[in-house]
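Colleague: my questions are about this predicted structure, shown below with the sequence.
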Amino acid sequence: MEHRDYYYYYEANAATINLRQITSSAKNAQILQRLRDGDDNLSHLNLGREGWENFCVGQGDDLGWLGYFISRSECVQSLHIRYLPEGEEGHAIVKGIARSQSIRSINIDNLSNDGFTAIMGALGSLSQLEEMTIWTNNNVDPDGWSDLRTLLESGVCKLQRLYLRGNNYIGNEGLDVLSNGLRGIGSSLKVLDLSDNSIGNDGLLNLVEALQSCTGLEELDLSHNDFSAVVGLGSLSDWLQNSPLNLKNLCLENCRISDVGLHALAEGAANHCKTLDLDGNESITRTGLSYLSSAIRSDSCHVKTLYLQGIPIGDEGMEALAQGLVGNQSLTSLYLSDLHDDVSITSAGWVVFSRALCDTSSVNSTYLSNHTIHNICIEDDEETIPRDIFLYLQLNEEHPQHAARCKILMKHPHLNMEPLLHWGLKYLPLAVAWIEGSKPCTALTIYDEDLEPRRRVLDESEHAFQSRALTAMFEFIRGMPMEVMKRRKELIVAAYGDNDEIARIDERYREALEQRDRNIEERDRRIEQLEEEIMRLRGL
């Protein structure tokens, strides 16, 4: 390829050049035509040597023109480079990329170290770049990763998403090199993928130190690395708890995490992640799940989706998880494996889990059950979920605001009022209001896979519901008849729900108390005056 002045030659001939004569195929000529014409639909460009790519480099392609049209395009926002020729032709493409004003995402795959280094140099002028993906097939040595670090440290590219997947050449040493670069984009970075990079404990420690500046990070993928040591996971947990961030997704799939490691990680991960992926960590047992259970039971738990597939759960694991679900108000989806190395979930495990969703031992226990989770996925065997659990999950999903009331009415036909009697009549209006607020439950329906199309939540008529409500009120009144007679007017008003009249009664009580206080003050003042007068007369 002959050397040409980048502006003079290409600018002078761009409008008239015969594109078919400078390309190896009609398909490539069409790509150059679309680039030249500013085709808005050409937002993504694949450059490689395979036939399926939209620009397949072949014999006869003048890549200087490709580089020029890339540099002039205002439409190409995503560029995937699977092949970069050596020498002047590769340089021409790199030069065009360096002049682009539209490329916001670049994907690098199957390049040599020289090609990788050349691309890193070109990206140093792309201030608009938001996303970079570097795949596993690149043959990059430590010098190449140093060039990436230099690019990130420059601060020119304010990357929001950085994907470094499957680059085994990174390891702990490579991550140590990249850490300073991560600090350079910390303020803008939202997604960081370092999966399958042979990172161990030392690398994780270096990474956590670099992440201190990444306060806007939303997704962190560290899957398929080796975190069998505990110190790194403890450091990661400390960072999660002490940094002002709102991490949405934390992926630690197949990281060889042990029970002790999960203990170090659990609190930070549960309190500061919305999606936590622990799939494939086969060393985790019931002990580790107990640590995780304590973390998700906390009021500060933020986890909405929890992945535990590939972990031998079994009945003991289900019991541990069930303990964490009681009182949890964030978790909505749970992904499990039913069978792993002959460790399976039997009916005993499901009974414990069912109790977490609806504990029928008392009304209060039912109320404190879990009414948030609505999706349990069993890997390769969704039919394992028992019917009662399926219906509880449907109720939680379709009617979350009524789930607790519905479960109480479903499992407690007789509402025992005796525990409320020692609180006096002040709880009667609350009981009446609770029953009135439960009326919609009689009309609710949910999806039932065994029925078409839906089923009623409560299998009772409105008349039966009213009878149950009257029975409960009768028990309450019978428990304290004298108190009811004393305050029958207020109770009548409360029963009819006249809020204005209740307010007037409360106001009269308040005024009466204020008048009593004034009378006491006046009495004390008169007594004090009389004592002073007596003392005066004695002095005479």
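Modeller: Perfect, thanks for sending it.
Colleague: hey, let's count contacts and neighbours off CA atoms from now on
Modeller: Noted.
Colleague: for the stretch 1-150 of the chain, give me the ranges with low pLDDT.
Modeller: Residues of the stretch 1-150 of the chain meeting the criterion pLDDT under 70: 1-7.
Colleague: what ranges do the strands span in it?
Modeller: Per DSSP state E, counting those that start in this stretch, the stretch 1-150 of the chain carries strands over the ranges 44-48, 55-56, 78-81, 105-108, 131-134.
Colleague: against which helices or strands is the shortest one packed?
Modeller: Same thing as strand 55-56. Using 3 or more CA pairs under 8 Å, 6 or more residues apart in numbering; DSSP states H and E, the elements in contact with strand 55-56 are helix 26-37, strand 44-48.
Colleague: wait, doesn't Val94 sit right on Ala122?
Modeller: Yes: counting by CA atoms under 8 Å, Val94 touches Ala122, with 6.1 Å between them.
Colleague: more neighbours: the two, which one.
Modeller: It is Val94, of Val94 and Ala122, that has more neighbours when counted by other CA atoms under 10 Å, with 24 against 19.
Colleague: ok, the more buried one to His263 distance?
Modeller: 48 Å (CA to CA, to the nearest Å).
Colleague: any weak-confidence spans in this structure?
Modeller: Across the chain (using pLDDT under 70), the flagged ranges come out as 1-7, 338-342, 380-383, 417-428, 452, 475-510, 512-513, 539-540.
Colleague: element containing the residue nearest to the spatial centre of it, please.
Modeller: The C-alpha lying nearest the average C-alpha coordinate of the chain belongs to Lys274 (CA atoms, centre = their mean; 2.5 Å). Element membership for Lys274, per DSSP states H and E: strand 273-277.
Colleague: dump the helix or strand following that strand to PDB, restricted to CA.
Modeller: As assigned by DSSP H and E, the chain's next helix or strand after strand 273-277 is helix 286-297. C-alpha atoms of helix 286-297 as PDB (Å, rounded to 0.1, in the frame of the first residue of the first chain):
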ATOM      1  CA  ARG A 286     -24.800 -25.900  55.200                       C
ATOM      2  CA  THR A 287     -22.400 -24.000  57.400                       C
ATOM      3  CA  GLY A 288     -21.700 -21.400  54.700                       C
ATOM      4  CA  LEU A 289     -25.400 -21.100  53.900                       C
ATOM      5  CA  SER A 290     -26.100 -20.400  57.600                       C
ATOM      6  CA  TYR A 291     -23.700 -17.400  57.400                       C
ATOM      7  CA  LEU A 292     -25.400 -16.300  54.200                       C
ATOM      8  CA  SER A 293     -28.800 -16.800  55.900                       C
ATOM      9  CA  SER A 294     -27.900 -14.600  58.800                       C
ATOM     10  CA  ALA A 295     -26.900 -11.800  56.400                       C
ATOM     11  CA  ILE A 296     -30.000 -11.900  54.200                       C
ATOM     12  CA  ARG A 297     -32.200 -12.000  57.400                       C
END
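Colleague: for the stretch 401-540 of the chain, which segments count as helices?
Modeller: 403-411, 428-437, 462-479, 481-486, 488-496, 499-539 (DSSP state H, counting those that start in this stretch).
Colleague: export the third one to CSV, keeping only CA atoms.
Modeller: It refers to helix 462-479. What follows is helix 462-479, C-alpha atoms only, in CSV (Å, rounded to 0.1, in the frame of the first residue of the first chain):
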residue,chain,number,x,y,z
GLU,A,462,-68.3,-12.8,51.4
HIS,A,463,-71.1,-13.8,53.8
ALA,A,464,-68.8,-16.4,55.4
PHE,A,465,-66.1,-13.8,55.8
GLN,A,466,-68.5,-11.4,57.5
SER,A,467,-69.6,-14.2,59.9
ARG,A,468,-66.0,-14.8,60.8
ALA,A,469,-65.4,-11.1,61.4
LEU,A,470,-68.5,-10.8,63.7
THR,A,471,-67.4,-13.9,65.6
ALA,A,472,-64.0,-12.3,66.3
MET,A,473,-65.6,-9.0,67.4
PHE,A,474,-68.0,-10.9,69.7
GLU,A,475,-65.1,-12.7,71.4
PHE,A,476,-63.3,-9.4,71.9
ILE,A,477,-66.4,-7.7,73.5
ARG,A,478,-67.2,-10.8,75.6
GLY,A,479,-63.7,-10.7,77.1
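Colleague: so which residues of the stretch 51-200 of the chain form helices?
Modeller: Using DSSP H, counting those that start in this stretch, the helices found in the stretch 51-200 of the chain span residues 63-72, 87-98, 113-123, 142-154, 171-184.
Colleague: tabulate those (CSV), appending distance to Ser294.
Modeller: Shown next, in CSV, are the helices of the stretch 51-200 of the chain (distance: least, CA to CA, whole Å):
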stretch, distance to Ser294
helix 63-72, 55
helix 87-98, 52
helix 113-123, 46
helix 142-154, 40
helix 171-184, 32
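Colleague: pick the most buried one from those.
Modeller: Neighbour counts (mean count of other CA atoms under 10 Å) averaged over each of the helices of the stretch 51-200 of the chain peak at helix 63-72, with a mean of 24.
Colleague: what comes up buried for stretch 453-465?
Modeller: Across stretch 453-465, burial judged by 16 or more other CA atoms under 10 Å covers Arg455, Val457, Leu458, Phe465.
Colleague: try stretch 40-50
Modeller: So for stretch 40-50, counting by 16+ other CA under 10 Å, buried means Leu42, Ser43, Leu45, Asn46, Leu47, Gly48, Arg49.
Colleague: done for today, thanks.
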